[in-house]
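Student: With the sequence up front, the predicted model follows.
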Amino acid sequence: MLPGRGKRSVVPKRCAVEPLCGSRVALEAPGWRVRLRIAACALYLLARVAIVAPAVAAVEDDPFVVTVGQRQLFLDDHDIEHRAGFQRRLHQPQKKGAVIRPDAAMGEDFIQSRTAPIWNPQRRVFQFWNLYGPEDLPGATGYYESADGLHWTKPVVGQVEYRGSTENNYITCEGHPITMVVYDADEPDPSARYKSFLPNVGFAVSPDGIAWRLLDVPAVHSADNFSFSLDAQSHLFISAVKTGGPFGRCFALSTSGDFRSWTKPQLAFHADERDQQIGRHRIAARFANPSLHHPCYNIPETYHVDVYMASVFRYESRYIGMPTMYYQTGKVPPSWPGFDRLPLTPQMRQIYKRDGDWAGFHEVQLAVSRDLSSWHRLGNRAAFIDSSPIGAGAYDTANIKPPAAPVVRGDELWLYYTGGRYYGIVLDRPQHRQAGAICLAVLRRDGFVSLEAGATPGVVVTRAFAVPGSGLWVNVDAGRGHVAIEVIGPTGELVARSQPLTGDVRGGRVSWTEGSLRGMGGQTCRLRFTARRASLYSYWFSEH
């Protein structure tokens, strides 16, 4: 949902309101509404199981397959036969600040994005698209370019007239904004290699990411938030659409192998009762921390947590989900008398009298899946990207939208996400026109989650797999300790033993002191990692 657009949640039976002023007003809602919602939730849960943890697959029915060049991450235990002495650690990316800010001179207020930059090797530039143009130009998108991914320009494309001029960077597709773009290198038609998902409208293609045409393809429908990605390994297009579930907003996935025939959206993940329990603690911690933005309403009876939106993308051997969790801290109905005491414009008063008002904040979490159906939340549901402190000039103090997919830059992942300084209609809105921007955060490559060994050595043994090549590579940090790797044959015999690894090795080939992988192609083996004071991130194979 864009700030100030849309509505959700239920008015509590009775609550005390403390908005910006200190007055307290009792709110009433018919009890049958609450009972109806409880009954609906029960029926929904009986109809299908909440997908908040992975299904336990029988190993014999789900073989572990390792392919050349595909990195195997330690996100979960699915591909691990034995683990002792290791603990998982969720890593947060390092924030670099805003890279694309709103242009007040062009009527821009809250710049957002639902896509990832695309590298154009012919022109040697990154291409990027924001969510919408200015508020008075609803059918257009801002288009940007950069040589380094940090400094972005606004090319004059001469496509859309705005304020009497076409000297701007706005593009459109037959009156619709281009909000999400992928590049399909396997597309044989050069005029259709850039592809875009237009929720509730259809799908579009382009030869250059600037001039677009709609396809005659039925639309995939979504509420006010969505995401889009391309799994290039399987050539699978993935649309994440917003829908409703037992705990409010949640996300469903629709996929296509040809960009024309799309599956019916299937529920992917949603909040659950544990989220509600966690939410109360995180909201309390928020209001207890003076360095964080405090939403304008704090009404415990209306606390609620749901999945505001999510991005889903393929990363190496897994699908990564980044759900934005919304922590509602308060809601008041349209009938709340406090609106009459606020200095609202006639337009905003009309909105309040229609929708009421609400407040809250966001954080981005991590989830993982092998099949886009069963999902497992990572890091004990800790924040992967959370709010920045107020007072330092950051944008992401309240409103955070997840990156669509990471951009691989050497041994780093660059994550472009949306950061905003408010959530809701206007009570919590900054008075200046710099409310939201596109921000950058940087993560170690493969660095979402690591296995950590301390002073006591840890051991990890993978499940058995067919050796795809003779070269083994690792991403480990043994700056204070060491990592050793052994190759175990199908009957438990030692095939090879590595030279101990030390230091921060982000892409190092394993050297052997005993044996090797030469001639092992296609044979079954296991890898045994032994480490002390070290972090394991990933491993992969090369042919030679």
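Tutor: Alright, I've got the coordinates.

Student: which residue is nearest the centroid of this structure?
Tutor: residue 322 (2.8 Å; Cα atoms, centre = their mean).

Student: Tell me which strands whichever strand or helix holds it pairs with, and in which orientation.
Tutor: Element membership of residue 322 [criterion: DSSP states H and E] is strand 318-332. Counting by DSSP bridges, the strands paired with strand 318-332 are strand 304-315 (antiparallel), strand 357-364 (antiparallel), strand 367-369 (antiparallel).

Student: Tell me the spacing between the closest residue to the residue nearest to the centre of the chain other than its chain neighbours and residue 325.
Tutor: Nearest residue to residue 322, sequence neighbours excluded (Cβ to Cβ, 6 or more residues apart in numbering): residue 402, at 3.7 Å. To be clear about C-beta, it is placed using only N, CA and C from the backbone, and glycine gets the same treatment. To residue 325, residue 402 is 10 Å away according to Cβ to Cβ, to the nearest Å.

Student: Could you do residue 291 as well?
Tutor: 20 Å.

Student: cool, and residue 279?
Tutor: Residue 279 sits at a distance of 8 Å from residue 325 (criterion: Cβ to Cβ).

Student: Now do the SS call for residue 418.
Tutor: strand (DSSP: H, G, I helix; E, B strand; the rest coil).

Student: Please disregard the earlier target; I meant residue 179.
Tutor: With three-state DSSP as the basis, residue 179 sits in coil.

Student: and what of residue 275?
Tutor: When classified by three-state DSSP, residue 275 comes out as helix.

Student: residues touching it, list them.
Tutor: By Cβ atoms under 8 Å, 6 or more residues apart in numbering, residue 275 lies in contact with 247, 305-306, 325, 381.

Student: picking that back up, now the helix or strand following the strand holding residue 322: average pLDDT?
Tutor: Remark: after strand 318-332, the chain's next helix or strand is helix 346-355, criterion DSSP H and E. Helix 346-355 carries an average pLDDT of 84.

Student: how about helix 346-355: buried residues?
Tutor: 348, 351-352, 355 (16 or more other Cβ atoms under 10 Å).

Student: Kindly indicate which of those lies nearest residue 263.
Tutor: Residue 263 has its nearest neighbour among these in residue 355, at 33.0 Å by Cβ to Cβ.

Student: what about the strand holding residue 322, distance to the chain center?
Tutor: A distance of 10 Å separates the centroid of the chain from that of strand 318-332, by Cα atoms, centre = their mean, to the nearest Å.

Student: before we move on, what about stretch 183-200?
Tutor: Put simply, stretch 183-200 sits 22 Å off its chain's centre (Cα atoms, centre = their mean).

Student: Between the two ends of it, what distance do you get?
Tutor: 21 Å (Cα to Cα, to the nearest Å).

Student: Give me the buried positions along that stretch.
Tutor: 183-184, 192-199.

Student: Quick check: mean pLDDT of it?
Tutor: Per-residue pLDDT over stretch 183-200 has a mean of 97.

Student: Repeat that for stretch 526-541.
Tutor: Across stretch 526-541, pLDDT averages out at 98.

Student: Comparing residue 291 and residue 325, which residue is more hemmed in?
Tutor: residue 325 (26 against 11; other Cβ atoms under 10 Å).

Student: what's the distance between that one and residue 383?
Tutor: Going from residue 325 to residue 383 by Cβ to Cβ gives 8 Å.

Student: Now for these two: what residues contact both?
Tutor: Contact with both residue 325 and residue 383 is made by residues 363-365, according to Cβ under 8 Å, 6+ apart.

Student: buried sites along stretch 259-266?
Tutor: So, applying 16+ other Cβ under 10 Å, buried residues of stretch 259-266: 259, 262, 265.

Student: ok, the last one - contacts?
Tutor: Counting by Cβ under 8 Å, 6+ apart, residue 265 makes contact with 220-221, 239, 241, 243, 252-254.

Student: you'd agree residue 291 is up against residue 391?
Tutor: Yes. Counting by Cβ atoms under 8 Å, residue 291 does reach residue 391; the two are 7.4 Å apart.

Student: Pairing partners for the longest strand anywhere in the chain, with directions?
Tutor: Criterion DSSP state E: the longest strand present in the chain is strand 471-488. As defined by DSSP bridges, the strand partners of strand 471-488 come to strand 494-498 (antiparallel), strand 501-509 (antiparallel), strand 524-532 (antiparallel), strand 534-542 (antiparallel).

Student: residue ranges with poor pLDDT in the stretch 101-250 of the chain?
Tutor: Nowhere does the stretch 101-250 of the chain drop to pLDDT under 70.

Student: Low-confidence stretches in the stretch 351-500 of the chain?
Tutor: In the stretch 351-500 of the chain, residues with pLDDT under 70: 424-433.

Student: re the thing from before, which one of the buried residues of helix 346-355 sits closest to residue 93?
Tutor: Checking the buried residues of helix 346-355 against residue 93 by Cβ to Cβ gives residue 355 as the nearest, at 34.4 Å.

Student: I figured that closest one hits residue 334, correct?
Tutor: Yes. Between residue 355 and residue 334 there is a contact under Cβ under 8 Å: 6.5 Å.

Student: Mind jotting down where the helices sit in the chain?
Tutor: Secondary structure of the chain (DSSP state H): helices located at 31-47, 273-288, 346-355.

Student: would TSV of the buried residues of stretch 183-200 with distance to residue 86 be doable?
Tutor: Putting those into TSV (distance: Cβ to Cβ, whole Å) gives the following:
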residue	distance to residue 86
183	38
184	39
192	46
193	43
194	43
195	41
196	42
197	39
198	45
199	42
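
Student: Of these, which belong to strands?
Tutor: Reading strands off the buried residues of stretch 183-200 with DSSP E, I get 183, 194-198.

Student: first to last residue in stretch 294-302, what's the distance?
Tutor: Per Cα to Cα, stretch 294-302 runs 16 Å from first to last residue.

Student: Also stretch 87-99?
Tutor: Rule used - Cα to Cα; the end-to-end distance of stretch 87-99 is 35 Å.

Student: any idea how far that stretch is from the chain center?
Tutor: Per Cα atoms, centre = their mean, the centroid offset for stretch 87-99 relative to its chain is 13 Å.

Student: Residue 362 bridge partners, please.
Tutor: In beta-bridge terms (that is, DSSP bridges), residue 362 pairs with residue 326.

Student: same check, this time on residue 439
Tutor: Judged by DSSP bridges, the bridge partners of residue 439 are residue 98, residue 417.

Student: What is the neighbour count of the residue nearest to residue 380 when sequence neighbours are not counted?
Tutor: Spatial nearest neighbour of residue 380, chain neighbours left out: residue 90 (7.8 Å); criterion: Cβ to Cβ, 6+ apart. Around residue 90 sit 18 other residues, with neighbours defined as other Cβ under 10 Å.

Student: same check, this time on residue 332
Tutor: 24.

Student: swap in residue 136?
Tutor: If we define neighbours as other Cβ under 10 Å, then residue 136 has 8 of them.

Student: tell me the contacts of it?
Tutor: If a contact means Cβ under 8 Å, 6+ apart, then residue 136 has residue 107 as its contacts.

Student: In contact with residue 91, which residues?
Tutor: 443-444, 447-450.

Student: And the pLDDT for it?
Tutor: 98.

Student: And for residue 211, the neighbour number?
Tutor: Residue 211: 13 surrounding residues under other Cβ under 10 Å.
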